[in-house]
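> Show me how the following folds:
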Amino acid sequence: MSDEVLVERRGAVQVITINRPAAKNALDEATARGIAHAVDELESDGDLRAGVLTGAGGTFSAGMDLKAFLRGERPAIEGRGLCGITETPPVKPLIAAVEGWALAGGFELVLACDLVVAGHGARFGVPEVKRALVAAAGGALMLSQRVPRAVALEMLLTGEPIDAATAHAHGLVNRLVDDGGAADAAIALAATIAANGPLAVAATKRIATSADDWSHEERWAKQNEINAVVFASQDAREGATAFAEKRAPVWTGT
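Next up is the predicted model:
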């Protein structure tokens, strides 16, 4: 793994840290590839059940590295979006642990995550219009799915940020914690998720994130199709057996 991105394991949780604090964790090509590689490992390793994405040095990410941009670098992965996750988020749950600023592309990485834990001092913003740009790595597309449409439009059209308390009030942030505690709180939340049946977690995320694209007529059939695989799995039997035997389940992902 590159120096720009640090990866560690905490049990079944993978922790991905953007490690460019001197540059406010701005996203250059090496960082993008490091994050994409880490997420590929999260997806392919059966021992990993959930991930946490955070930034070093008290900042999540200030967005695209403009100096790298002027050198011709692009922090997008072909067909996968910014850092390999905005167009193709992982199947496994990914939690953003936010301290300080999450701006522009940094904020769009937050939107690619399923849950958000933030320190009270965190700030979120999409300032692209202030530079005659569009938040095209997911901000303009996804923000209105995470906060009320009027709030999303105000953020997108003014370019002004919101604080963590406001983000929490609008449902963007799941948990507010003391500054400096976002990563530990996110890891604890991820561990709670990782203790559950992995097939059921993946299927539940798929249903919850896909249902808005399904018509009223097809949504039950599509849900049942996804659920049938889980219901017939060895893990489903193990869950019921462990409950009856009053013991912790042992998941195999099959």
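> which residues in the stretch 101-250 of the chain form strands?
101-103, 115-119, 123-125, 162-163, 175-177 (DSSP state E, counting those that start in this stretch).
> now Leu199: how far from Val230?
Per C-beta to C-beta, to the nearest Å, Leu199 is found 5 Å from Val230. Glycine gets a C-beta too; all of them are placed from N, C-alpha and C.
> Now Asp212: closest residue in space, sequence neighbours ignored.
Of all residues not flanking Asp212 in the chain, Gln145 sits nearest, at 7.6 Å (C-beta to C-beta, 6 or more residues apart in numbering).
> top helix in the protein by residue count?
Using DSSP state H, we find that the single longest helix of the chain is helix 29-44.
> what does that helix contact?
For helix 29-44, the external contacting residues (C-beta atoms under 8 Å, 6 or more residues apart in numbering) are 1-2, 4-5, 7, 14, 16, 18, 20, 25, 48, 51, 53, 65, 68, 73-77, 80, 82-85, 90-92, 94, 109.
> doesn't Gln234 make contact with Gly197?
No: using C-beta atoms under 8 Å, Gly197 is not in contact with Gln234; the gap is 10.2 Å.
> Leu153 versus the residue nearest to Gly63 when sequence neighbours are not counted, what's the distance?
Once flanking residues are discounted, Gly63 sits nearest to Ala104: 3.0 Å by C-beta to C-beta, 6+ apart. Ala104 sits 17 Å away from Leu153, taking C-beta to C-beta as the criterion.
> Neighbour count: the two, which is higher?
Set side by side, Ala104 and Leu153 show more neighbours around Ala104, with 27 against 14, by other C-beta atoms under 10 Å.
> What residues does that one make contact with?
62-64, 125-128, 135, 139.
> out of the residues you listed, which are buried?
The neighbour-count test (16 or more other C-beta atoms under 10 Å) applied to the contacts of Ala104 identifies 62-64, 125-128, 135, 139 as buried.
> Which ones among the residues you listed map onto helices?
Gly139.
> and of the buried ones among the contacts of Ala104, the nearest to Trp220?
Closest approach between these and Trp220, by C-beta to C-beta: Gly139, at 32.3 Å.
> For the nearest residue to Ile85 once chain neighbours are set aside, give me its contacts.
Here the nearest residue to Ile85 in space, its sequence neighbours aside, is Ala112; by C-beta to C-beta, 6+ apart that works out to 4.5 Å. Neighbour list for Ala112: 81-82, 85-86, 89, 94, 138, 142 [criterion: C-beta under 8 Å, 6+ apart].
> Fine by me, we can end here.
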